[in-house]
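K.L.:
After the sequence you'll find the predicted model.
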Protein chains: 2
Amino acid sequence: MGNGWSLDGFILDLDGTVYTGHRPIEGAVEAIAWLRSRGKRIVFLSNRGNISRRMCRERLEAIGVTCETEEIILTSSVVSRYLAEHEPDARVWVLGEQGLRDELALHGVQFAARPQEATRLVVTLHETLTYAELNDAFRAVRAGARIIATNDDRTFPGEDGEAIDVGAVLAALAHATGTESDTVVGKPSPVMAKAALDRLGLPPERCLVVGDSLRSDIAMGKRAGIRTALVLTGSATREAAMAQDPAERPDWILDSLADIRRLLEEMER
Amino acid sequence: MGNGWSLDGFILDLDGTVYTGHRPIEGAVEAIAWLRSRGKRIVFLSNRGNISRRMCRERLEAIGVTCETEEIILTSSVVSRYLAEHEPDARVWVLGEQGLRDELALHGVQFAARPQEATRLVVTLHETLTYAELNDAFRAVRAGARIIATNDDRTFPGEDGEAIDVGAVLAALAHATGTESDTVVGKPSPVMAKAALDRLGLPPERCLVVGDSLRSDIAMGKRAGIRTALVLTGSATREAAMAQDPAERPDWILDSLADIRRLLEEMER
């Protein structure tokens, strides 16, 4: 390579980068296959906390992407490992879905029988959220549970447009209880960058983060010393990227993940 | 009367003062009957926006309180009249329940067919709230709808403990969209005080507000020049009342609405 370094590990965001809802983004599946054909290492790194890695792998396979469960890193698995390692005595109450419960159980985390008995409330994206569940979470916090969140994104690119994400739910709980989350594991947290780099087994300078969010994907890469490429198939626009402070701007802006091939071919010329 | 003034109009809060959920508060029904037997005028003034006055009257009758629909003033009816009078061209999207829709329709307010077509989002307490509904509201606001709220209480005294109220939902929307409500009709707003005084047909100095909330009931009375009695059967404690700035403290603190009889008898001695 002309410039003396190569990109060998790819940290790919999912929602807004590989798929939107259940639809693949045009060219994304082929781009991933091409990266694999070049022997590149890949992890899928998502702030989704409502599904388990198994569920996510099935979703990827349904659109034509084959992968190992260990190539998928979700906040549901990262928050579960975090609690198992750092707070083994925690009794958790979940404001989330079955996918998160599955990962917590898989990691041996203990559940509280009632909101009032919880020491930890785990909050994640929750497209089936109801008032009754929000109220149970509120009661857990009022009774003393501390809040850990899979992520605090304000919105995410849903199947039919931008949709409300965990940040808004955390704001509701903070308003009602006065308690903010003390731990957020999702991107841009270094916890997620470390999980991705550990899996890739590569130093940050040989990796590239590809994602649609300036606030989570690009910011995480910048903090962790990983190069970054913004795709315009999700939350962010080119204008928003260029309006960033120069140090916060992505290294590259791609119309979509499909352009990764051209980028790498140009770099290797 | 010894002190030269008498209390003839009673502005009674409902949740936490007259009932909790579907259960009457002990002695409240008898106290209301006693007030009526003394020829006192009564209005029931509640920040509830999810039920219509008709539904509320049925709820009161179920616990043994008979009243006219016009003696009930709810934020569902007040917000409806507000929109009909001040914004007759508004097309509204409702984050709320059927009771609010009924009152809006009764007042001739127009509904938007889709969230994106709304000029106004009306937010009220919503014990059947779902993520999908929250997301529709989010989309209405992103498309330009301004927010009007029936109230912005953080919590209310529910059947099985304190529960999340509209304030938390507004915080979620504000976090996701950057837009705050520009109008809140509920207590302590002067809109509610005026609606109550208009119905009673009495000057403020001959009326008494009785309620369980320092932030809504007592604050409204203080601002409107109406005397106030805090009851300890809902959200607030005696300690919280005494911790208030002297100008914000209730004139009386009663264990419950049942004590209203003793208070009036002592005053008239």
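P.N.:
Perfect, I can see it now. Numbers count the residues shown, from 1 in each chain, chains lettered A, B, ... in the order given.
K.L.:
When you work out contacts or count neighbours from here on, use the C-alpha atoms and nothing else.
P.N.:
OK.
K.L.:
For chain A, what lies in contact range of chain B?
P.N.:
By Cα under 8 Å from any Cα of the partner chain, the residues of chain A that approach chain B are A:126-132, A:134-135, A:138-139, A:154-155, A:163-165, A:167-176.
K.L.:
Let's see which of these end up in strands.
P.N.:
Members of the residues of chain A next to chain B lying in strands (criterion: DSSP state E): A:155, A:163-164.
K.L.:
CSV please, covering the residues you listed and showing neighbour count, pLDDT and distance to B:Gly49.
P.N.:
Converted to CSV, these look like this (neighbours: other Cα atoms under 10 Å in any protein chain shown; pLDDT from 0 to 100; distance: Cα to Cα, whole Å):
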residue, neighbour count, pLDDT, distance to B:Gly49
A:Thr155, 20, 87, 28
A:Ala163, 20, 91, 26
A:Ile164, 29, 92, 24
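K.L.:
Please tabulate those in CSV and include distance to A:Leu257 as additional columns.
P.N.:
Below are these laid out as CSV (distance: Cα to Cα, whole Å):
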residue, distance to A:Leu257
A:Thr155, 21
A:Ala163, 22
A:Ile164, 24
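K.L.:
with the residues you listed in mind, which one is nearest to A:Leu232?
P.N.:
A:Thr155 (15.5 Å; Cα to Cα).
K.L.:
Show the contacting residues for the closest one.
P.N.:
For A:Thr155, the contact set (Cα atoms under 8 Å, 6 or more residues apart in numbering or on different chains) comprises A:162-167, B:176.
K.L.:
top of those residues by neighbour count?
P.N.:
A:Ile164 (29 neighbours; other Cα atoms under 10 Å in any protein chain shown).
K.L.:
beta partners for that residue?
P.N.:
A:Thr155 (DSSP bridges).
K.L.:
And A:Trp93, its phi and psi?
P.N.:
phi -110, psi 140 (degrees, to the nearest 10).
K.L.:
And for A:Gly221?
P.N.:
phi -60, psi -50.
K.L.:
since we're on it, how many residues are nearby?
P.N.:
28.
K.L.:
Do I have it right that it meets A:Leu230?
P.N.:
No. Look at A:Gly221 against A:Leu230 with Cα atoms under 8 Å: they stay out of range, at 10.7 Å.
K.L.:
which residues touch A:Ala28?
P.N.:
Neighbours of A:Ala28 in contact, by Cα under 8 Å, 6+ apart: A:17-19, A:256-258.
K.L.:
Check those for burial and list the buried ones.
P.N.:
A:17-19, A:256-258 (16 or more other Cα atoms under 10 Å in any protein chain shown).
K.L.:
The residues you listed in strands, which ones?
P.N.:
A:Tyr19.
K.L.:
could you dump the buried ones among the contacts of A:Ala28 to CSV with pLDDT and distance to A:Trp93?
P.N.:
CSV is the format used below for the buried ones among the contacts of A:Ala28 (pLDDT from 0 to 100; distance: Cα to Cα, whole Å):
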residue, pLDDT, distance to A:Trp93
A:Thr17, 97, 31
A:Val18, 98, 31
A:Tyr19, 96, 30
A:Ser256, 98, 38
A:Leu257, 98, 37
A:Ala258, 97, 40
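K.L.:
Nearest to A:Glu205, out of the buried ones among the contacts of A:Ala28: which one, please.
P.N.:
A:Leu257 (19.9 Å).
K.L.:
what pLDDT, on average, does the helix or strand containing A:Arg199 get?
P.N.:
Under the criterion of DSSP states H and E, A:Arg199 resides in helix A:190-200. Mean pLDDT, helix A:190-200: 95.
K.L.:
Okay, buried residues for that helix please.
P.N.:
Neighbour counts over helix A:190-200 (16+ other Cα under 10 Å) mark A:191-193, A:196-197, A:199-200 as buried.
K.L.:
Helix A:190-200 and the next helix or strand after it, what's the angle between them?
P.N.:
Later in the chain than helix A:190-200, the nearest helix or strand by DSSP H and E is strand A:207-211. Using axes from the mean of the first three to the mean of the last three Cα atoms, to 10 degrees, the inter-axis angle of strand A:207-211 relative to helix A:190-200 is 120 degrees.
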